[in-house]
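In: starting from these lines, generate the structure:
(one chain, ligands or ions: 1)
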Amino acid sequence: MKPENLRSKIFLDGGDPEESREVISLLGFLDGQTTNPTLISKNPKAKERLTRGQKFTQNEIFDFYRSVVKTISALIPMGSVSVEVYADSATPADKMLTMGREMFSWIPNAHIKFPSSKEGLKAAEKAVKEGLRVNMTLCFTQEQAAAVYAATRGAGKGQVFVSPFIGRLDDRGENGMDLIASILKMYRQGDGHVEVLTASVRNMDHFLYALKLGSDIITSPYEILREWGQRGMPFPDANYIYRHDSLKNIPYKDIELSKNWQEYDIAHDLTVKGMEKFSKDWNDLIA
Ligand code: E4P
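Out: The predicted structure follows:
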């Protein structure tokens, strides 16, 4: 059962429904799941097929992604399942949107992941107006989160998530958890239509500190949720301190949320690199 004092929604970050089953059985609940092209490429059935030397065709890979997502969706019908569009540096917004519409029809509880890039935001702006739920991924700055807020103004509660990637900031010596704290603080001046989904969680301290900060949603790899479950689902108490010894602080910026999204400086090299990596992992599955 979900602990009563736990306000954050807990998602599993993964592309294997077997992990979803195990987490549900261990925790007694699961509020949602996030997938991405890299995680789908790590699905055991996909790996097994590739080991046999059999790559997928374009149609087969989408069918495979759909079948994985459908299985996960059936396990958590009241939850949310994030499904990511293919987006490389040349993918235009209208192509992302077409793909997003198709993926949204796969299951009743999808959030469509678009990158926090110019084309991704353009696609999301339209998607939200059409009633799609979106999860803006590869977010590395407060400006990108402000642009997500502005591009999706008017969206309903639960319709929009933003996914700041903390682990990838840590990887280059910046304190990713600062970004979570800053976006939560910045959004307090808004209407609450965007939920902060802490992503790229690499260790138990990321998870516990995100709980302490009150992140709306936290998505974590299987191993972390298993450890948290085995430890009795602890919640950090008032004395909990997040230790980030060698990481450089990312200072809070005063950013207004009232501008048009095109006015924010949303460029970030990790967004570009992330799109390259996701599209490469996806293309590597295809013959
Ligand atoms: C989830 O939505 C993200 O795609 C995922 O957390 C990224 O994690 P990584 O930075 O460990 O690849």
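
In: does Leu121 count as helix, strand or coil?
Out: Under DSSP: H, G, I helix; E, B strand; the rest coil, Leu121 falls in the helix class.

In: from Ile10, how far out is it?
Out: The gap separating Leu121 from Ile10 is 27 Å, by CB to CB, to the nearest Å. The way it works is simple: take the backbone N, C-alpha and C, and place the C-beta from them, glycine included.

In: and what of Val85?
Out: Separation of Val85 from Ile10 (CB to CB): 24 Å.

In: next, the residue nearest to Asn203 when sequence neighbours are not counted: secondary structure please.
Out: Setting aside the residues directly before and after it, Asn203 is nearest to Ile224 in space (CB to CB, 6 or more residues apart in numbering), at 7.1 Å. Following three-state DSSP, we place Ile224 in the helix state.

In: ok, now which ones touch Ile224?
Out: By CB atoms under 8 Å, 6 or more residues apart in numbering, the residues touching Ile224 are 201, 203-204, 207.

In: okay, and which of those map to strands?
Out: Per DSSP state E, strands hold no members of those.

In: skip the chain neighbours and tell me the closest residue to Ala93.
Out: Lys122 (3.7 Å).

In: can you report how many residues lie near that neighbour?
Out: Using other CB atoms under 10 Å, Lys122 has 19 other residues around it.

In: Ser279 now?
Out: Ser279, neighbours per other CB under 10 Å, totals 17.

In: follow-up on the earlier one: so which of the contacts of Ile224 also contact the ligand?
Out: Among the contacts of Ile224, proximity to the ligand is found for none (CB under 6 Å from any ligand atom).

In: circling back to that earlier point, measure the residue nearest to Asn203 to Ser246 for me?
Out: Distance check for Ile224 against Ser246: by CB to CB, it reads 21 Å.

In: next: Ala123.
Out: Remark: distance between Ala123 and Ser246 (CB to CB) = 37 Å.

In: understood, closing this out.
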